[in-house]
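> sequence unknown, structure follows:
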């Protein structure tokens with residue numbers, strides 16, 4: 001069984017920064033892309049950023065230039081550095097990974113439990 005555990009959320013003032021981490025653990029053979037999504041109350045879950053196994057990245061339009069996604073493959077960990085935070089960034093942030101847990105096994109999408117980010121003065 002595989003788990004994704006997010007950390008690093010919290011309360012920050014507008015203009016501040018936070019760094020989220022997502023650690024994948026359990027029976028893992030390989031991890032393809034890893035990504036961050038967010039969901040604010042009353043809104044649909046939306047893509048924040050995604051990174052491939054070789055480091056190719058993509059971002060949602062609202063966070064381009066402010067957020068940076070990275071990963072450490074040796075640690076099965078993805079990070080999200082969030083700068084210049086705005087109240088509109090307030091949401092629960094979820095980690096997602098496409099992973100394979102055995103040789104020639106299927107690709108399975110796994111979600112973390114989410115971490116709350118609140119941007120407020």
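Received the coordinates, thanks. Not measured: the values here are computed from a predicted model. Residues are numbered from 1 along each chain as shown.

> show me what contacts the residue nearest to the spatial centre of the chain?
Relative to the mean C-alpha position of the chain, the nearest C-alpha, by CA atoms, centre = their mean, is the one of residue 36, at 2.7 Å. Remark: with contacts taken as CB atoms under 8 Å, 6 or more residues apart in numbering, residue 36 is in contact with 20, 22, 47-50, 69, 78, 80, 93-96. Where you see a C-beta, it was placed from the backbone N, CA and C, and this is true even at glycine.

> what's the answer for residue 111, then?
By CB under 8 Å, 6+ apart, residue 111 lies in contact with 4, 94, 95, 96.

> at 6 Å instead, please
Each residue near residue 111 by CB atoms under 6 Å, 6 or more residues apart in numbering is listed here: 94, 96.

> how close does it sit to residue 49?
Computed as CB to CB, to the nearest Å, the residue 111 to residue 49 distance reads 15 Å.

> perfect, that will be all.
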